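[1] fold the following.
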Amino acid sequence: VQLVESGGDLVQPGGSLRLTCAISDSTFSSYSMGWARRVPGKGLEWISGIYSDGSTYYGDSVKGRFTMSRNNAKNTVYLQMNSLKPEDTAEYYCNVDVGVDGPFYYWGQGTQVTVSS
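    Numbering: from 1, shown residues only. Okay, here's the model as predicted:
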């Protein structure tokens, strides 16, 4: 399984970006997907997830500003990020849970988001 993120960029505070994650697995629609981010020197922060039925959840730090969605026909998930803040600066990673008896994740290589004026 391969995941490829794209869409990271330099953006001003208050701006928006949309991240894209494409997955190679043809059974993508049955999996839960997620986004996490890492700031150098800090741990991994889980920020959003989407289940196979399309329901979503968000971390408190991004709730109300970020929206995750999926397009099963394109084997792709998206993270729409609005009202970006400097503290959103991080490397963003998407993941897929392919576990059967418990979680088992594959991760993408990451895409850098920098929020700065």
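[2] which element follows the worst-scoring helix or strand of the chain on mean pLDDT toward the C-terminus?
    Ranking every helix and strand in the chain by mean pLDDT, DSSP states H and E puts strand 105-107 at the bottom, with a mean of 93. For strand 105-107, the succeeding helix or strand toward the C-terminus, using DSSP states H and E, is strand 111-115.
[3] off-centre distance for that next one?
    12 Å (Cα atoms, centre = their mean, to the nearest Å).
[4] same question, stretch 57-75
    Its chain's C-alpha centre and that of stretch 57-75 lie 7 Å apart, by Cα atoms, centre = their mean.
[5] buried set for it?
    58, 62, 66, 67, 68, 70, 75 (16 or more other Cβ atoms under 10 Å). Glycine gets a C-beta too; all of them are placed from N, C-alpha and C.
[6] also stretch 83-93?
    For stretch 83-93, by 16+ other Cβ under 10 Å, it's 84, 88, 89, 90, 91, 92, 93.
[7] from residue 113, how far off is the residue positioned nearest the centre of the chain?
    Residue closest to the average C-alpha location in the chain (Cα atoms, centre = their mean): residue 35, at 2.8 Å. Using Cβ to Cβ, to the nearest Å, one gets 11 Å for the distance from residue 35 to residue 113.
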